[in-house]
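1. Structure for this input, please:
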Amino acid sequence: MEDASILELLRARQSEGLEQLLSRYSGLMHYVIGGILRHPQEVEDCYNEVCLCLWQKVDAYDPEKASLSTYLTAVSRNMALNRLKSLQRRSAHETEEEPSSASTPEDVLVRKEQLEQLKALIGRMDHKDRQLFYRKYYYMQPMAQIAAEMGLSLRAAEGRLYRLRKRLQEGLGGEDYE
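-> From the prediction side, this is the model:
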């Protein structure tokens, strides 16, 4: 079944749409969530939250902006990161006040320009480097898993990532971006 048909069913609140979506994308969603949350019960709980969110907010998805798999990846990743932060806050026994993170308009503009520059640099990477970068810093996968799935030794993957970070650092203007 095509993504458009799945979305039609979901928007019509037919459970078959959710069943089709999950049969097609549950592996991807588990893969993304499992790379961030390590405990199997947390992975399952987060997966169920993502499914509920998709069911309740299917109208938030815009097929013009991203493919369904990209959207599901982003939602799964963001919910897993939120859950991880929540778990970390709960497990912290000390309640330290964080310094104010209020940004000036200039800071916001500089940050936006830096992000655009980073996106441009990532866009110019070859496929393997871009894959390595996203797996490490977007999906937060352990290096051993990345190396195994990319067919590299752990040492080769770590070396490649080190050189990649150095190139990005140079492209962004130096040591301030460590």
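
2. pull the helix or strand with minimum mean pLDDT from the protein.
-> Ranked by mean pLDDT, DSSP states H and E, the weakest helix or strand in the chain is helix 105-123, scoring a mean of 84.

3. just checking, what packs against that one?
-> helix 154-172 (3 or more CB pairs under 8 Å, 6 or more residues apart in numbering; DSSP states H and E). C-beta: built from backbone N, CA, C; applies to glycine.

4. Buried residues, the helix it packs on. List them.
-> Residues of helix 154-172 classed as buried by neighbour count (16 or more other CB atoms under 10 Å): Ala157, Glu158, Arg160, Leu161, Leu164, Leu168.

5. got these as CSV, with pLDDT and distance to Lys128 columns?
-> CSV is the format used below for these (pLDDT from 0 to 100; distance: CB to CB, whole Å):
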residue, pLDDT, distance to Lys128
Ala157, 93, 10
Glu158, 94, 14
Arg160, 93, 8
Leu161, 92, 11
Leu164, 91, 10
Leu168, 86, 15
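
6. picking that back up, check which helices and strands the helix or strand following the least confident helix or strand of the chain sits against.
-> Next along the chain after helix 105-123, taking DSSP states H and E as the criterion, comes helix 127-137. Packing partners of helix 127-137 (3+ CB pairs under 8 Å, 6+ apart): helix 143-150, helix 154-172.

7. Determine how far the first one lies from the middle of the whole chain.
-> When you say that, I think you mean helix 143-150. The chain centroid and the centroid of helix 143-150 are separated by 17 Å under CA atoms, centre = their mean, to the nearest Å.

8. quick check: mean pLDDT across that helix?
-> Helix 143-150 shows a mean pLDDT of 93.

9. Need the contact partners of that helix.
-> 35, 128, 131-132, 135-136, 152-154, 156-158, 161 (CB atoms under 8 Å, 6 or more residues apart in numbering).

10. Tell me the one of those residues nearest Glu2?
-> Taking CB to CB as the measure, Glu2 sits nearest to Gln131 out of the contacts of helix 143-150, at 26.6 Å.
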